[in-house]
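Chemist: Provided below are the primary sequence and the corresponding predicted coordinates.
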Amino acid sequence: MGDRIPYISLVRVSTLLGAVVSLACAQPSPKGPALTLATHPRAADRYARLLMRELVDSNPLAVRREVVCEEQRLYDALGGVEGQLRILGVEDSVYRAPANRARFAQIEPQFKGNNFETGGPLCDSLRTISDRIDPIAQVDSAIKSR
């Protein structure tokens, strides 16, 4: 019994330390317009359609899997900052309507505790389909490294 107490304390301390380090290293959300709007104006259209579908679908958790894969596809094609700017812009547009915000608040608890991998066979298949239907051209590496 005495051996378990230090172990439990160590686990709690390491978990707390991990949380503090991740918060300290977190980058603030980027601000401003995406640099790729002129060259890739429709890159986030599929993401917007998926968010809208998620709000009305009878199984929003299944759509959330597609949303997460599409987010990764945007990051990979546009780069981290550009991808995040596009995602934030689309979310701002979609959730601007009070009805959409209210519906998202209803379905969001279903997403808690679910982790979706972005590099597995499901996302690979969804990405292949998305690339065929709605391709996103790769952006210039200077923009991606911004």
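Modeler: Good, I have the coordinates.

Chemist: Excluding chain neighbours, give the residue nearest to the residue nearest the centre of the chain in space.
Modeler: With distances taken as C-alpha atoms, centre = their mean, the residue of the chain nearest its centroid is residue 71 (4.6 Å). Nearest non-adjacent residue to residue 71, counting by C-beta to C-beta, 6 or more residues apart in numbering: residue 87, 5.9 Å away. Bear in mind the C-beta positions are built from the backbone N, C-alpha and C, glycine included.

Chemist: try residue 119
Modeler: Going by C-beta to C-beta, 6+ apart, residue 119 has residue 72 as its nearest residue, at 7.8 Å.

Chemist: Repeat that for residue 111.
Modeler: residue 64 (5.5 Å).

Chemist: In contact with residue 127, which residues?
Modeler: If a contact means C-beta atoms under 8 Å, 6 or more residues apart in numbering, then residue 127 has 69, 72, 73 as its contacts.

Chemist: typo on my end, residue 44
Modeler: 74, 86, 87, 89, 90.

Chemist: For it, give me phi and psi.
Modeler: phi -100, psi 10 (degrees, to the nearest 10).

Chemist: Would you mind measuring from it to residue 104?
Modeler: Distance, residue 44 to residue 104, using C-beta to C-beta, to the nearest Å: 17 Å.

Chemist: give me the number of residues near residue 109?
Modeler: By the criterion of other C-beta atoms under 10 Å, residue 109 has 8 neighbours.

Chemist: what's the answer for residue 57, then?
Modeler: Other residues close to residue 57 by other C-beta under 10 Å number 15.

Chemist: Any chance of a PyMOL selection covering the buried ones in the contacts of residue 44?
Modeler: A single PyMOL command selects the buried members of the contacts of residue 44 (16 or more other C-beta atoms under 10 Å):
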select buried, resi 74+86+87+89+90
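
Chemist: which parts of stretch 66-78 are buried?
Modeler: Buried, per 16+ other C-beta under 10 Å, within stretch 66-78: 66, 67, 68, 69, 70, 71, 72, 73, 74, 75, 77, 78.

Chemist: what about it, distance to the chain center?
Modeler: 7 Å (C-alpha atoms, centre = their mean, to the nearest Å).
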